[in-house]
Every structure is written in C-alpha cells, then in structure tokens.
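Asks: need the 3D shape of this:
(one chain, ligands or ions: 2)
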Amino acid sequence: MKVYFWGTRGSLPVSVTAEEVRAKMFRAIKKSKDHSFNNDEEIEKFIEKDLPFSIRGSYGTNTSCVEIMGGKEYILCDGGTGLRDFGNHASKSSNKGEPNQKNIFNIFISHLHWDHIQGFPFFTPAYIEGNSVNIYGCHNELEQAFINQQNYPYFPVPLKYMKADIRFITLESGKEYEIAGFKVKVMKQNHPGDSYGYRFERDGKSIVYSTDCEHKDDVDNEDYVFLDFFRDADLLIFDAQYELEEAIDAKENWGHSSNIIAVELSVKAKVKRLCIFHNEPTFDDEKLDQFLENTRRYLAIHAESHPLKIDLAYDGLQIEL
Ligand SMILES: [Zn+2]
Ligand SMILES: [Zn+2]
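Replies: Numbering: from 1, shown residues only. Ligands and ions are numbered 1, 2, ... in the order given. Down below sits the predicted model:
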C-alpha cells in the first residue's frame with residue numbers, strides 16, 4: 001500500500017507569502033556562502049542535504065485529502081482543497097467516459113466541516129459522465145451538506161449538474177465493511193459535531209486515518225477504545241494540530257489533539273509509523289520543522305525503546321508501506 005498526501009493543512013488553506021519566500025532565499029544563500037558549486041548536480045545535492053525542509057520546501061497549502069493506493073479503485077480520505085489537485089491528476093490518467101475501474105472514486109469523509117468537503121465543487125472527475133463517485137460518511141446530513149455547499153448563492157454549479165454517478169453511502173461507527181478490496185473499520189471521534197476515523201486493511205497492512213479528534217480524559221486508561229483502533233497500525237495519520245500547552249489550555253474542546261498525545265497513544269498501541277496531520281494554519285514552515293523536531297525529541301526521551309518513525313505530513317508527501 002502507498003499513501004499520497006494531497007492536502008494536509010487544518011482548518012483553512014494557507015499559502016507561503018512573498019515575505020516568507022524571500023526569507024527562505026535569504027537563509028539558503030547564507031547557508032551556501034562557504035560552498036562552491038561546479039555543476040547543477042552539486043547544487044541539487046546541496047539543496048537536498050544541507051537545507052532543512054522549511055527552506056527547500058513547504059508543508060503546503062491544501063486542506064485535508066489523502067489518497068490510499070493499492071486497490072483497483074481510487075480511495076480517498078476527505079475532500080478538502082487537496083481533492084482538486086488529486087482530481088486534476090486523476091483526470092489525466094483515467095479513461096474519460098469509458099467504464100473502467102480507474103473511473104471509480106471512493107471518498108471517505110471524516111466530517112462535514114468546510115475544510116473536509118470544500119474541494120468537491122472543484123473535483124473534475126465528478127463532472128465527467130461515466131465516472132462513479134461514492135461518498136462515504138457517518139453523518140445523517142452527509143448528502144445534504146454536499147448539496148448545500150453547491151447551492152445558490154454559494155457556488156455556480158449545483159451538485160445535480162455534475163455528470164458522474166454520485167452516490168452517498170452512510171456507514172456506522174464500530175462496524176467493519178468490505179469496500180473496494182479493503183477492510184474498512186469506522187470509529188466515532190470526539191470533535192464538535194462528531195467526526196469519524198477510518199482504519200483500512202489489505203494484504204496484511206493497515207492504515208488509520210484519524211483526523212479532527214480531541215483525545216482527553218480517557219487516554220490513560222488501558223482499555224481506551226482508540227488503542228484498539230490504532231493497534232499495530234503500519235501507519236497512523238493523526239490530527240496533532242496543537243502543541244501540548246495549547247491543547248490542554250487555550251484550545252481545550254476545540255476538537256484537536258497535540259503532538260505529545262500522538263506519540264503517547266502511538267507508543268501504547270505499538271503503531272509502526274506516525275504521520276502528524278491537519279497542520280496548524282498559523283504555523284509557518286520553520287515552526288513546523290521545529291514542531292516535528294520537538295515531537296521526535298519527546299519520543300527519544302520518553303519512549304526510547306519503541307521504534308516509532310515520525311513524519312509531519314506535507315502536500316506531496318508519499319509514504320510506501
Ligand atoms: Zn479539520
Ligand atoms: Zn473539524
């Protein structure tokens with residue numbers, strides 16, 4: 001299985017400002033001043049080896065959208081603005097208008113906050129006849145929310161004018177399903193208006209997509225339900241939008257968790273790889289580099305013996321399991 005992150009930002013899209021680009025250039029030039037380069041290859045090598053990700057790249061713009069690859073049909077988690085980029089990419093490679101498994105899109109929606117559905121009106125494959133789009137979720141308002149966001153006066157094209165065969169399928173928390181060749185388990189999460197996590201299993205590998213969830217009082221219990229949901233996962237995609245102080249103080253009950261709780265639960269549930277997700281929109285790239293560093297340091301100090309690999313998601317990150 002492979003996972004590709006099309007959108008990783010929490011709450012709303014964020015772009016790198018002109019001022020930030022200039023600051024990245026300044027830092028890059030400063031770091032290069034003692035180097036001499038004889039060809040393009042040496043420059044490439046310097047960028048890759050000597051510049052931190054916050055200078056040579058960016059954690060990205062788009063809101064939640066993650067592709068899980070490995071089956072014949074497309075599987076996506078959430079339809080934030082990253083869905084637009086995915087759709088444009090998929091339209092280039094699919095057989096337009098021809099019935100084909102490449103034309104079946106399965107989108108699992110965690111919940112109906114804007115940042116998880118706002119990419120759908122711009123999802124090109126939904127406009128193409130012959131495509132099938134199955135939208136899975138657990139909220140009773142699932143279909144109505146998708147209809148509403150494209151109704152007058154919010155968007156010029158109502159959902160009913162999209163030409164693909166679009167279906168809404170309601171799932172239930174605690175149940176297990178067979179969908180598009182994956183075993184899918186659903187879990188209700190603590191978030192304003194509720195959200196749902198999904199565990200995908202196939203070929204002996206497991207991926208848990210668990211965003212917009214606030215873990216609080218029960219986390220210390222040995223029988224905390226999420227320990228089972230995360231147990232032995234090859235990859236856990238986890239909403240850690242906040243630093244610990246924020247999560248337990250100013251932003252308590254906002255529905256998100258911290259990087260520290262992410263590590264604690266991953267270690268307890270023997271997760272193999274943790275990917276921090278739903279990045280805080282007010283954190284710039286440098287701050288996110290630091291956030292990742294702090295999270296890894298916390299693991300090293302408090303859970304040295306557990307071989308957990310930690311990443312921080314960015315638009316364009318690909319993880320192979
Ligand atoms: Zn969100
Ligand atoms: Zn939310």
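
Asks: the residue in the stretch 151-300 of the chain that ligand 1 sits nearest to sits in which helix or strand?
Replies: Here the stretch 151-300 of the chain gets closest to ligand 1 at one residue, residue 212, 4.5 Å apart by C-beta to the ion. The C-beta positions use only the backbone N, C-alpha and C, and glycine is treated the same way. With elements delineated by DSSP states H and E, residue 212 resides in a region that no helix or strand encompasses.

Asks: thought it was touching residue 116?
Replies: Yes - the pair residue 212 / residue 116 is scored as a contact, 7.5 Å apart, by C-beta atoms under 8 Å.

Asks: and these two? Which one has more around it.
Replies: residue 212 (30 against 27; other C-beta atoms under 10 Å).

Asks: find the least confident helix or strand in this structure, judged by mean pLDDT.
Replies: The helix or strand of the chain with the lowest confidence, counting by mean pLDDT, DSSP states H and E, is helix 244-248 at a mean of 65.

Asks: near ligand 2, which residues of the protein?
Replies: Contact residues of the chain with respect to ligand 2, defined by C-beta under 5 Å from the ion, are listed as 113, 212.

Asks: go again using 8 Å as the cut-off
Replies: By the criterion of C-beta under 8 Å from the ion, the positions of the chain lying close to ligand 2 are 11, 110-111, 113, 115-116, 191-193, 195, 212, 255.

Asks: show me which of those is closest to residue 184.
Replies: residue 110 (13.0 Å; C-beta to C-beta).

Asks: phi, psi of residue 177?
Replies: Comment: the main-chain dihedrals of residue 177 come out as phi -130, psi 160, following degrees, to the nearest 10.

Asks: next up, the contacts around it.
Replies: Residue 177 makes contact with 171, 183-186, according to C-beta atoms under 8 Å, 6 or more residues apart in numbering.

Asks: swap the cut-off to 7 Å and go again
Replies: Contacts were defined as C-beta atoms under 7 Å, 6 or more residues apart in numbering; by that measure residue 177 touches 171, 184.

Asks: show me the beta-bridge partners of it.
Replies: residue 184 (DSSP bridges).

Asks: how much space between it and residue 237?
Replies: For residue 177, the distance to residue 237 equals 19 Å [C-beta to C-beta, to the nearest Å].

Asks: could you list the contact residues of the stretch 51-200 of the chain toward ligand 1?
Replies: Within reach of ligand 1 by C-beta under 8 Å from the ion, the stretch 51-200 of the chain has these residues: 63-64, 80, 110-111, 113, 115-116, 195.

Asks: which of the residues you listed has the most neighbours?
Replies: Ranked by neighbours (other C-beta under 10 Å), those are led by residue 64, which has 35 neighbours.

Asks: so what does that one look like in phi/psi?
Replies: Backbone dihedrals for residue 64, given as degrees, to the nearest 10, come out at phi -40, psi 120.

Asks: is it true that it touches residue 80?
Replies: Yes - A contact is recorded between residue 64 and residue 80 when judged using C-beta atoms under 7 Å, the distance being 3.9 Å.

Asks: shared neighbours of the two, anything?
Replies: Applying C-beta under 7 Å, 6+ apart, one finds that residue 64 and residue 80 are jointly contacted by 7, 115-116.

Asks: which of the residues you listed fall in strands?
Replies: In this view, the shared contacts of residue 64 and residue 80 that belong to strands under DSSP state E are residue 7.

Asks: for residue 23, state which of the shared contacts of residue 64 and residue 80 is nearest.
Replies: residue 7 (24.1 Å).

Asks: how far away is the closest one from ligand 2?
Replies: According to C-beta to the ion, to the nearest Å, residue 7 stands 14 Å off from ligand 2.

Asks: how about residue 23?
Replies: Taking C-beta to the ion as the measure, residue 23 and ligand 2 are separated by 30 Å.

Asks: does that residue count as helix, strand or coil?
Replies: Assigned with DSSP: H, G, I helix; E, B strand; the rest coil, residue 23 falls in the helix class.

Asks: looking at the residues of the stretch 51-200 of the chain next to ligand 1, which is nearest ligand 1?
Replies: Lowest distance from ligand 1 to those (C-beta to the ion) belongs to residue 115, with 4.3 Å.

Asks: mind listing what the closest residue to the closest one other than its chain neighbours touches?
Replies: Sequence neighbours aside, residue 63 is the residue nearest to residue 115 in space, at 4.0 Å (criterion: C-beta to C-beta, 6 or more residues apart in numbering). Contact criterion C-beta under 7 Å, 6+ apart gives 7, 9, 12-13, 80-82, 115, 118 as the residues in contact with residue 63.

Asks: got the residues of the stretch 201-321 of the chain near ligand 1?
Replies: Proximity of the stretch 201-321 of the chain to ligand 1 (C-beta under 8 Å from the ion) is limited to residues 211-212, 239, 256, 278.

Asks: end to end, how far does stretch 302-319 reach?
Replies: Using C-alpha to C-alpha, to the nearest Å, the end-to-end distance of stretch 302-319 comes out at 25 Å.

Asks: that one: which residues count as buried?
Replies: Of the residues in stretch 302-319, 308, 310-317, 319 count as buried by neighbour count, 16 or more other C-beta atoms under 10 Å.
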